[in-house]
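Undergrad: 3D, please:
(2 chains)
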Amino acid sequence: MAPLLQIDNLRTDIRLKRSTVHAVDDISLYVDPGETLGIVGESGCGKTMTALSIMNLLPTGGSIVGGSIRLNDKDISKLSDEDLRHVRGNEIGMIFQDPLTSLNPTMTVGRQIAEAVQLHRDVTKEQAMDRAAEVLDLVGMPRARERINEYPHQFSGGMRQRVMIAMALACDPKLLIADEPTTALDVTIQKQILELIDDLRQQLGMSVMLVTHDLGVIAGRADRVVVMYAGKIAESTSTSTLFANPRHPYTEALFHALPEKAAETRERLLSIPGLPPDLTNPPAGCRFAPRCRYATDRCRSEGPVLRGEQPDHQYSCFYPVGQAERGELPVVSVTEVKPAPAVATPAAETLLSAQHLVKDFAVTKGAVMQRRVGSVSAVADVSFEIGRGQTLGLVGESGCGKTTVGRLLVGLESLTSGAITYEGKDLSKSSGREYRRERRKIQLMFQDSYSSLDPRMRAGAILREPLVVQGIGNRAEQRKKVEEILGQVGLPLSAVDRYPHEFSGGQRQRLGFARALILSPSLIVADEPVSALDVSIQAQVLNLMRDLQRELGLTYLFISHDLSVVRYLSTRIGVMYLGKLVEVGPADEVYLTPAHPYTRGLIDSAPVADPQAEQAKEERGVRGELPSAIHPPSGCRFRTRCPLAQEICAEVEPPMNTFSMNGHAAACHFPLQPVVTAQTSTSATAQ
Amino acid sequence: MAIIPGSGDRVETGTALLPEAPPGAVDTAAPASKPHGLLRRGWEVFAENKLALVSLGVIVFMVLFCFVGPHIYHTDQVHTNLSQTLCPPGGQHLLGCDNLGYDQVGRLMVGGQTSLEVGVAAAIVAVLIGTLYGAFSGFIGGPVDSFLMRIVDAGLSIPYIMVIVILSVVFRPSPLVMIFIIAVFYWLGVARLVRGETLSLRTREYVQAVKVVGGGSTRAIVRHIVPNAIGTIIVQGTFAVADSIIILAGLGFLGLGVQAPATDWGNMLSGGLQYIQSGTNYWWLIYPAGLAIIITCIAFNFIGDALRDAFETRLQRR
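TA: Numbering: from 1, shown residues only, chains lettered A, B, ... in the order given. Down below sits the predicted model:
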């Protein structure tokens, strides 16, 4: 069978003002008809540039400087712009990452889809609109024929991505390129979209090229995988082979860096040291050599070529890992297995307790005379406790109120009602000077370290600022403290004179962590601290957080949408849904034996980097989308999406029921676990 | 407001596509070379913009020409000399004379003094007032902000030419009055711009971070908001200079500018216009003054662009 798409020795450069980035450097791959090819790699590895090269939609300064891209044996890399337009959108459809910016806000979605049809087909406007309704129906848009006259802002994020897919499919392309199609979406919606793409592929017999950084997404959806690193292909094989027997040390290291691998043992994650190379001036030998545990002098001087014992499993490494060649792995410094730090010691002294937290945001109308026309119920009656030295993980979809809870604790938002007690003192009652002193004890680590660090301040000044504000020490003492903290978070001393933009993403997050640490707080609220980072860097930061927790006796409130990260780091997990804490309990108990249907759905939706587990999953997950927090559903807020919902759920708000002696509780009328039993080992639900 | 549309946004979009590793930022990195001062690195970015360098040269030349020139190139700019009326360039008078027999080069110098003085002074006044007003309004927010901004809106909705005409009839137009008149109208736009900038800066996480460590509003404004808005303010300032010169020229052209024997470049234009239509080619009455206005304004705009980049720490390298 001839491949649908065949890329040979493709090289793409991006010219910048002072240098040239060799974004894609000599890669070859193919896509067979009807299959899904996954391209996976960290940011900056050239996966998106490969996709854009196919469409020749490269950014300014970008051009294909070598190789060929053949679609049905026709080289499309040499086509003129005019001819290429017939290929784009017609033979190849593309879905971009952000469905909000990819749609024109001033046109109805119907018109936008019809536009694509009219460009490539000789049809009338009416026929094009008919086709638009047809494809919208195809992508699972309810009431498609009515909604074609609506504008993009009237759709939710998931629905917008469906519109994007509809647009890409409007002309029956043979190949669909999906570039991080679900990265901006919640896991529950991600699952729906990925399933949709999969269904459509089978239904329409097209091929899909799935570009993503998420190994879990690849595991469940791709037939074959290409792993890219620094503009080159590191490894290429079928999905099951890749996950069972990775041969390239980079692939292996990526797997090891996943927190879910270590969730049960809670060992240190095996992070990949250092950073990907600068592609303006790539290293001479193997590009992974500087970060590779197995690298020898040969690796540093000579670039390996893509090869393999079998034609369908190729890797570019002189010393492949995995089966056969290499029986025993060399001992690595970081692998010493530390025993799990006695998980769940519920007897720990309570450091902070939150009682009946409520936060409503006013919805106002009018510019001068602002009338209150309603309120968004962001946090509705949430109570929890955090023990000293423990980590409470808060998970939930975006808009569930988990970030607001964090902001309430650090004082960035004021409570509508409720109380926060810290070390036995009611925080909301203290004021003025005392309040400012109390502030030291609870610090916040922001999600986006880039926007949370003043771009005009050097790292030294940023770290010193909290000390200056709190009036701690003189200049010399402050400098000493800054240097000490830099050492603790693993940044070089020379960092003091650098500006935030001169650090890499991981280093910036370390800097953000250092700022949170400098006042020697006992509680750190970490709001999605690793969600913007690549897997290998994420592992570095997670390790650092764990190490310092042990060293300094820190307590964390760890907020994340990523269940596997939360499970890895947390002693206890709280699950939030639309302002409510629906389930809370010891991490493993919540993860393995969830009591609330929503928790169950979240766990099922999160992609796991294991093809067998992914394929074994049933069609579970969570249906539908998050309802509005201005008019939350009556009774149980989850009832609109719950498979078990009955009449009582709409009438009575479920109380918190206990499911074990360890404080595992959930608010549900029809819990998945028997109420109040100490023993919880129903192997049926355990994965 | 910028004379050259589209000259903004020079920040290279391509950099976003780089792997996130600025060359100097590797863990093991950097024998910490002695970091240059902010000014020095800002200058390096500025100097990369060749147009801005040329523009800077132009402005320096203009200032020297107008303020030092008269001490070297002596002309009589007080007494009319009817024997030299409209004499063509050459010999004694490099650019000829105007209808009253004033030497054109000398006239350019005197007029330039007024234009530059008024332009720079009006810009400084307008930017100062506008920045304070806008920053205050944006930071307070809520109904106060709405009220203050409606005042600005009201001010901006009045056709300024009409008011200026009335004002310059009431007051005898001296440079000081011109500065006042131009500033009164120009600060409105600046206020609006700075307020918008403040609104967005106020919600930045690094401003919130100050609150988390227990810092107050003053610290947030002085240490974080103003330094981050300074780029906008400086650029607005250079544009304001250029715009003020043009407004002044416009008023002078209408005969509402500074009064004889003082002059400005706009006055010179309007004086020359009567003769350009008379058939004889009195080009020296029009082009020198016109060119002076255009070149000066363009130069200020280019400098503004380059200054914005220079103040952008992200573009600075060591």
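
Undergrad: for the nearest residue to B:Ser168 once chain neighbours are set aside, the count of nearby residues, please.
TA: Nearest non-adjacent residue to B:Ser168, counting by Cβ to Cβ, 6 or more residues apart in numbering or on different chains: B:Leu256, 4.4 Å away. Glycine gets a C-beta too; all of them are placed from N, C-alpha and C. The tally of other residues near B:Leu256 (other Cβ atoms under 10 Å in any protein chain shown) stands at 23.

Undergrad: what does the one 5 residues further on give?
TA: Applying other Cβ under 10 Å, we find 12 other residues in the vicinity of B:Pro261.

Undergrad: likewise for A:Gly389?
TA: 19.

Undergrad: and what about it, helix, strand or coil?
TA: coil (DSSP: H, G, I helix; E, B strand; the rest coil).

Undergrad: what's the local residue count around the nearest residue to it once chain neighbours are set aside?
TA: Distance criterion Cβ to Cβ, 6+ apart; nearest residue to A:Gly389, sequence neighbours excluded, is A:Gly553 at 5.4 Å. Neighbour count for A:Gly553, taken as other Cβ under 10 Å: 10.

Undergrad: isn't A:Gly553 up against A:Ser522?
TA: Yes: with contact defined as Cβ atoms under 8 Å, A:Gly553 counts as touching A:Ser522 (7.5 Å).

Undergrad: overlap of the contact sets of those two?
TA: Counting by Cβ atoms under 8 Å, 6 or more residues apart in numbering or on different chains, the contacts common to A:Gly553 and A:Ser522 are A:Arg388.

Undergrad: A:Gly579 is in contact with A:Ser375, isn't it?
TA: No: A:Gly579 lies out of contact with A:Ser375 (Cβ under 8 Å); the separation is 11.3 Å.

Undergrad: low-confidence stretches in the chain?
TA: By default, I'm working from chain A. A:1, A:264, A:323-347, A:365-371, A:430-432, A:618-620, A:676-687 (pLDDT under 70).

Undergrad: I was after chain B.
TA: In chain B, residues with pLDDT under 70: B:1-39, B:81, B:84, B:86, B:93, B:101, B:260, B:277-280, B:313-318.

Undergrad: so which residue is smack in the middle of it?
TA: Nearest to the geometric centre of chain B sits B:Val241, at 2.3 Å (Cα atoms, centre = their mean).

Undergrad: ok, now which ones touch it?
TA: So B:Val241 contacts B:119-120, B:123, B:300 (Cβ under 8 Å, 6+ apart).

Undergrad: what's the nearest residue to it if we skip its chain neighbours?
TA: B:Ala123 (4.3 Å).

Undergrad: tell me which element the one you found falls in.
TA: Assessed by DSSP states H and E, B:Ala123 sits inside helix B:104-140.

Undergrad: and that helix, what does it pack against?
TA: helix B:50-63, helix B:69-72, helix B:142-157, helix B:175-202, helix B:226-253, helix B:265-276, helix B:287-310 (3 or more Cβ pairs under 8 Å, 6 or more residues apart in numbering or on different chains; DSSP states H and E).

Undergrad: roughly how far is that helix from the heart of the chain?
TA: 7 Å (Cα atoms, centre = their mean, to the nearest Å).

Undergrad: over to stretch B:140-157?
TA: Distance of stretch B:140-157 from its chain centroid, counting by Cα atoms, centre = their mean, is 25 Å.
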